[in-house]
Structure formats: C-alpha cells, structure tokens
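Colleague: Please find the sequence and the predicted model below.
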Amino acid sequence: MTTPRIEPGGLRELGLFNWVFSRGASKVQGVDDAHIFSTLGRSKGLFRGWLYYSARMMPFGKLSRKDTEMIIIRVAHLRSCDYEMDHHRKLGKRAGIDEATFSRIIEGPDAGWGDRERSMLLAVDEMVQSRDISDTTWASVARHLDEAQLISFVLLISQYDSLATTLGVLRVQRDG
C-alpha cells in the first residue's frame with residue numbers, strides 16, 4: 001500500500017470519545033496506534049454507529065467466536081486485506097484457531113473440513129466473489145444455522161467485505 005489517503009487522527013480530529021476508544025483499543029491490541037480506529041474515528045458520530053453495528057456481529061454476534069473468526073479470516077484472505085488478516089490472526093488464536101486451522105481456512109472449503117465448516121467457507125467464497133450464495137450452498141449452510149444466525153452470517157460477510165474495501169480505498173496502513 002502507498003501512503004494513507006486520510007491520516008490517522010489524534011484527540012483534536014477524533015473527538016474525546018473516539019480518541020479514548022482508539023487509545024484503549026490500541027493498548028488492548030498491543031500496538032502504538034490502531035490505525036483502523038484512529039482513521040475511521042475521524043468520521044465522529046458515524047464511527048460510533050459503525051462500532052455499535054460491528055460489535056453486534058463481533059464479539060457479540062449470533063455465531064460462535066470461532067465461526068466468526070473463521071469467516072472474517074476467509075473474507076480477509078479473499079480480499080487480500082492484510083490489515084484484517086493481521087488483527088484476526090490474533091483474535092482467531094484467542095477463539096481457538098491454531099496455525100494449522102488458520103492455514104486450512106486460507107486453503108478454503110476443500111481443505112478437509114466437516115460439512116458445517118465446508119458449507120460456511122463455500123458460502124463466504126461465493127458471496128465475496130459473486131455477491132450471492134447459490135441455492136445449493138445456502139441449503140447446506142441452512143442445515144447448520146437457524147434463521148437469525150443465517151442473517152448474521154450474511155451480514156458478517158458483507159461487513160468485513162465492505163471493511164476491506166474501506167481500508168483499501170483509504171489506504172489505511174498496517175499497525176506494524
């Protein structure tokens with residue numbers, strides 16, 4: 001990536017709440033500045049709405065943390081989003097995704113998964129690549145998730161696909 005199109009902000013650019021949140025998130029993540037928050041935080045109230053929406057999917061979503069991280073890692077891989085990959089490699093580890101499992105997620109749906117994980121990964125691939133999920137794949141995923149989880153599943157994929165786009169367009173730099 002080249003230089004950021006919008007530089008990460010400080011207290012003045014973010015406002016008190018967004019700055020405090022950004023600093024706290026940076027500390028939790030063990031980085032000097034979590035660029036995602038110090039950049040998107042410049043949008044003030046929109047950032048807070050986005051945080052609420054995002055938190056309703058991760059970490060407080062209808063899917064398990066492990067499933068959530070598997071989905072996010074797959075989206076990040078498909079979108080070549082190193083920023084998301086950096087963060088969710090760590091978060092995935094906390095959710096029980098070891099290096100071998102991480103590698104299988106990268107490899108994709110045909111990496112020896114059970115039906116549940118395979119169908120979810122296939123649906124992620126289809127949705128990111130074609131903006132749809134085939135009826136066959138949908139039926140396979142629907143055998144494992146209830147309606148609320150299915151809605152959450154689709155929203156999670158689209159949220160992280162959108163975030164990958166946002167991070168790329170704004171040229172948000174990796175935290176290092």
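Modeller: Nice, I can see it. Residues are numbered from 1 along each chain as shown.

Colleague: which other helices and strands contact the longest helix along the chain?
Modeller: Longest helix in the chain, counting residues (DSSP state H): helix 147-170. Contacts defined by 3 or more C-beta pairs under 8 Å, 6 or more residues apart in numbering; DSSP states H and E place helix 147-170 against helix 35-40, helix 45-57, helix 65-78, helix 82-94, helix 115-130, helix 135-142. Using the backbone N, CA and C atoms, a C-beta is placed for each residue, glycine as well.

Colleague: Kindly reformat those as a markdown table containing distance to Glu107, mean pLDDT and mean neighbour count.
Modeller: What follows is those, written out as a markdown table (distance: least, C-beta to C-beta, whole Å; pLDDT from 0 to 100; neighbours: other C-beta atoms under 10 Å):
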| stretch | distance to Glu107 | mean pLDDT | mean neighbour count |
| --- | --- | --- | --- |
| helix 35-40 | 26 | 98 | 24 |
| helix 45-57 | 25 | 96 | 14 |
| helix 65-78 | 9 | 98 | 23 |
| helix 82-94 | 15 | 94 | 18 |
| helix 115-130 | 9 | 99 | 19 |
| helix 135-142 | 18 | 99 | 15 |
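
Colleague: How is the chain partitioned into domains?
Modeller: Domains of the chain are assigned by automatic domain parsing as 11-57, 65-170.

Colleague: The ones you listed into TSV, with extra columns for distance to Thr3?
Modeller: As requested, the domains of the chain are exported to TSV (distance: least, C-beta to C-beta, whole Å):
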stretch	distance to Thr3
domain 11-57	12
domain 65-170	11
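
Colleague: what's the closest of these to Arg5?
Modeller: Nearest to Arg5, of all the domains of the chain, is domain 65-170, at 5.2 Å by C-beta to C-beta.

Colleague: Check Asp58 and give its pLDDT.
Modeller: Check again: residue 58 is Met, not Asp. Model confidence at Met58, expressed as pLDDT, equals 88.

Colleague: wait, what's in contact with the nearest residue to it once chain neighbours are set aside?
Modeller: Nearest non-adjacent residue to Met58, counting by C-beta to C-beta, 6 or more residues apart in numbering: Thr68, 5.2 Å away. Taking C-beta atoms under 8 Å, 6 or more residues apart in numbering, we find Thr68 in contact with Met57, Met58, Pro59, Gly61, Ala95, Leu156.
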